[in-house]
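Build me a model from this:
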Amino acid sequence: MGAKVTSTQKEAGDHEKQGDLGHLPPEPDAALTSALSCELRLQCFAQTSNPNRSCCIVASMDVPVVVLGAGDGGVEELQLWVDDSSVQWALLEFCVGQGPLARQRMIFLHVNGERCSPIARGRANELTPEVQRLMREGLEMGEAFHATVEVKTAEEVSLSNLLERVLPFFTVDGSDGYTVKWLHSQYEQQLSSAKAAGIAATSSEPRSTTDAEQKSDSDVVGIGAHQASACSLYNGRDALKAVGEPMGAWNWVFFQADPVNLKVVGGGIGSLEEMKSCYEAHPTDVLFGLLRLGFGEGRLRRTKYVFIHAVGAKAPVVARGRLSAERPKMEEVFGQFASASVMMEIQHLADLTLDSVVERVRRAAIVDDDILGRDAGSPSVFSVEAFQKALQEEKLGRAAELQTLRRRSTGLGTGLPADLVSEWAGRPLSEVVSLVHKVGGPLNWALFAPDPTWLSRRRTVKTTQASLLPDQVAAPSGGYLRAEAAQASRASTPAKERPCKSIEEPDSAAKETEISCTSTAADSPITPAQEQPDAQSDEDTPRGSTMSFYQLHHAAHRISGPLLKQSSAWHGRWQLRWMEVKGGHLMWWHGPTFVSSEPVGMLQLAGLKVHSQGNTFSLSTSGGKQKVYHLSADIADAAAAAGWVAPAWPKAKYWIQALEQDAHRLFWSHRTKLPLL
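Here you go, the predicted structure:
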């Protein structure tokens, strides 16, 4: 299947420090130029960076990962969400063993979609170490996950396949002879127990909680099936705002009798039926609720609010009186978000029926019409049939909102079914991870994906044509298109930010330097091809190099960017390479992310001869075999295909300027025995 399983108990190592990828060495204002260069690298090139670095794009954002969905249906439910045309990550909970020997085991699932384009896959996979690090954050004890599984298709996300591959990592005390079949049965029992516990919770009394649990669950205390959407909001005011809006995310909510903390007991989009289930599940509590009722559709829709004081049938007499005394304060708080037309007090489930509530609303509406002088036909709008139509419209609208949220999270073009939505989409990653880790919690899986907004920003580069020009510090006498370069620099960059400074050198330097600029055609047309290994030769890294790679790496480069280089192999294909001119050398790598390592090729510029025609030019040096290097600056299509995008890349004439200037500096360094700066 082309997948791998690795143990993940060891923290990911630090990534190799990236080299400077800026286009120019800092001239007058080093700090400003360095900052711009760092910003350029972050936004232009796909690279995995150390999250502790100040210039790391992952660390500079809250977390470029979004929650797609979560649930308690196990692997089969998760499989519905897996999209093998993208990169996704999932966290799965398994409970292995029985009784006191039961152990919680977590699986980190890496969906490396085989139908995902290579460039998009590379960008998204940069976040894999960051996602794994986030899984570990906030855990006081235990492992974030015990095994990592990589899959490439949705078909691989099956219970049997996953258990087979993680079997060595799921050792349980006293179960030396367990098999995949035994683990399969254990997992099925786990899911059945979780579902049974959820159903039983709807008719049981609320459990007692410790102070720490009350603090962590101070905002949402819902239980049972009606709690599914209650977890989507974090505090009471958010819940009231959702109900108070005419087409808000919720249409009902129940609170404990606490006007200060506003602890949510339950809420959702199921209207009166869900509200009745919540009331029935709290027979010993005194609750205060707000119910939004819609009547009619479209522009004829009317909205009414009902304040409900619900006293449980088994509520203690003392608690009933003490908590009911909070009603005026609760009414005042509710009034900040919605104006209730009806006030109801219920003590039995039979008091909370659709017919009785609609009748109370209709009577209040008739009174309002008499006072406000509305038309006589309007009261007929408030009927059970009109309510059912409005509720259906409301649910469809909410489903569309959730679908939009999911598509915004996953990006357009996803292969998931259009009706597959989740109330957990868009929630904080840390919150969802903690719920998956919670023993007996509401979730046993969660799925994550890269934020498409972050991915789109990675394709943008903020730079100017002036930043792509070679510097003019060591221009030889007469210059090479100096006036043109200075004019472009002045047009693109304010003079205060980048003053153009020239230092004239003796005229004899130009006469003694072996440089010629004759025009010859390239040997073959330019046809960018896929990456092929360079054919190396002794001339690629001359033995007579005057500087070590360590010195060259820390030297300021004159120009850098992509070029097409014709391979010296038999096929003669043109290959995209990232090149830099510095320290009297032309060096190249397979991409900008490799500049901190040794180049795949390096050419000393002593005795350089350049032959150019348009954006294509060839280089040759004196001595040895005099190997010729054919280069081209027509890299727009190839660079875009590789994900290297900028407003403009250096043209051939600027590369030639930089090469000749560095060759000239190298010549004078040899003449004067001074180090090449």
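
Surely residue 437 and residue 93 touch.
Yes. Residue 437 is within contact range of residue 93, at 7.4 Å (criterion: C-beta atoms under 8 Å). Quick note: C-beta positions are derived from backbone N, CA and C, even for glycine.

Give me the local confidence score for residue 594.
In this prediction, residue 594 carries a pLDDT score of 77.

That one - nearest residue in space that isn't next to it in sequence?
The shortest distance from residue 594 to any non-neighbouring residue, by C-beta to C-beta, 6 or more residues apart in numbering, is to residue 578 (7.5 Å).

same question, residue 347
Nearest to residue 347 is residue 311, by C-beta to C-beta, 6+ apart, at 4.9 Å.

Next: residue 314.
residue 283 is the one closest to residue 314 (C-beta to C-beta, 6+ apart), at 4.3 Å.

surely that neighbour meets residue 311?
No. Using C-beta under 8 Å, residue 283 is not in contact with residue 311, being 9.9 Å away.

Those two: which is more packed in?
residue 311 (20 against 15; other C-beta atoms under 10 Å).

Correct me if wrong: that one contacts residue 349.
No. Here residue 311 does not reach residue 349: they are 11.6 Å apart, not a contact under C-beta under 8 Å.

hmm, back to that, higher neighbour count, residue 437 and residue 93?
residue 93 (24 against 20).

low-scoring pLDDT stretches of this protein, where are they?
1-63, 95-102, 137-144, 167-234, 366-380, 398-423, 456-557, 570, 622-626, 673-677 (pLDDT under 70).

Outline the domain layout of it.
The record's domain parsing of the chain by automatic domain parsing lists 5-12+30-203+427-457, 229-403, 465-672.

Isn't residue 68 up against residue 450?
No. The criterion here is C-beta under 8 Å, and residue 68 misses it with residue 450 at 10.5 Å.

Next, show the common contact partners of these two.
Counting by C-beta atoms under 8 Å, 6 or more residues apart in numbering, residue 68 and residue 450 have no contacts in common.

Give me the neighbour count for the nearest residue to residue 303 once chain neighbours are set aside.
Ranked by C-beta to C-beta, 6+ apart and with sequence neighbours excluded, the top spatial neighbour of residue 303 is residue 246, at 4.9 Å. By other C-beta under 10 Å, 11 other residues sit near residue 246.

How about residue 385?
9.

Tell me how far it lies from residue 358.
10 Å (C-beta to C-beta, to the nearest Å).

Which secondary structure element is home to residue 387?
Per DSSP states H and E: residue 387 is located in helix 384-410.

next one: residue 109
strand 103-112.

what do you get for residue 639?
Short version, using DSSP H and E: residue 639 is in helix 636-641.

Format the CA atom coordinates belonging to that helix as CSV.
Below are the C-alpha coordinates for helix 636-641, written out as CSV (Å, rounded to 0.1, in the frame of the first residue of the first chain):
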residue,chain,number,x,y,z
ALA,A,636,8.3,31.6,-15.7
ASP,A,637,6.4,28.4,-16.5
ALA,A,638,8.9,26.0,-14.8
ALA,A,639,9.2,28.2,-11.7
ALA,A,640,5.4,28.4,-11.4
ALA,A,641,5.1,24.6,-11.8
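
The chain should start at 294 in everything you say after this.
Shifting the count to begin at 294 puts that one at helix 929-934.

Contacts for it next, please.
412, 821, 855, 857, 869, 938-939, 942.

Can you select the buried ones from these in PyMOL?
With 16 or more other C-beta atoms under 10 Å as the criterion, this PyMOL line picks the buried residues out of these:
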select buried, resi 821+855+857+869+938+939+942
